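> predicted structure and sequence below. I'll ask about it afterward.
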Amino acid sequence: MVQRELSVSTRARAGEPVRTCVGCRQKGLAADLLRVVAREAESEGFALVPDPKRRLPGRGAWLHPDPKCLSEAARRRAFGRALRVSGSLDSSELDHLVGAVELSEAGHSGL
Ligand SMILES: [Zn+2]
């Protein structure tokens, strides 16, 4: 018997906003998740814009800054659903940011 649910929720403290990651669907503190908004792209479709300062207007989607969560969200088209946009979504800015996070944390650890 393993009680996974308990271990997931213990990090949330009272009064802190909790959001659900669009990638892995796990809940986490808003402070631990990256806010992402959609901006109309110049050509067509939308661009996903990371909003680490959470200042951009409009609907936001929340994602762990983790390449696994990003690819999972992209695979399921979770951003389009969360942000209520359809058509093509350009995630290059987000790819860059999330990929950079991974590199800075694990790139030189010599695993
Ligand atoms: Zn996640």
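Good, I have the coordinates. Residues are numbered from 1 along each chain as shown.

> may I have whichever strand or helix holds A38 as CSV, with CA atoms only?
Here A38, judged by DSSP states H and E, is contained in strand 34-40. Provided in CSV are the C-alpha atoms of strand 34-40 (Å, rounded to 0.1, in the frame of the first residue of the first chain):
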residue,chain,number,x,y,z
LEU,A,34,5.7,28.6,-15.1
ARG,A,35,2.8,30.7,-16.4
VAL,A,36,2.3,30.6,-20.2
VAL,A,37,0.1,32.8,-22.3
ALA,A,38,-0.8,32.7,-26.0
ARG,A,39,0.0,35.7,-28.2
GLU,A,40,-1.3,36.0,-31.7
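
> how about the residues of the protein by the ion?
Taking CB under 5 Å from the ion as the contact definition, the chain meets the ion at 21, 23-24, 64, 69. C-beta here means a position set from N, CA and C on the backbone, and glycine is covered the same way.

> which members of these are positioned in helices?
Using DSSP state H to define helices, the subset of the residues of the chain next to the ion located there is C69.

> quick one on the thing from earlier: tell me the helix or strand right after the strand holding A38.
Next helix or strand after strand 34-40 toward the C-terminus (DSSP H and E): strand 46-50.

> by contact count, what packs against that following strand?
Counting contacts by 3 or more CB pairs under 8 Å, 6 or more residues apart in numbering; DSSP states H and E, the secondary-structure elements packed against strand 46-50 are strand 34-40, strand 89-90, helix 92-106.
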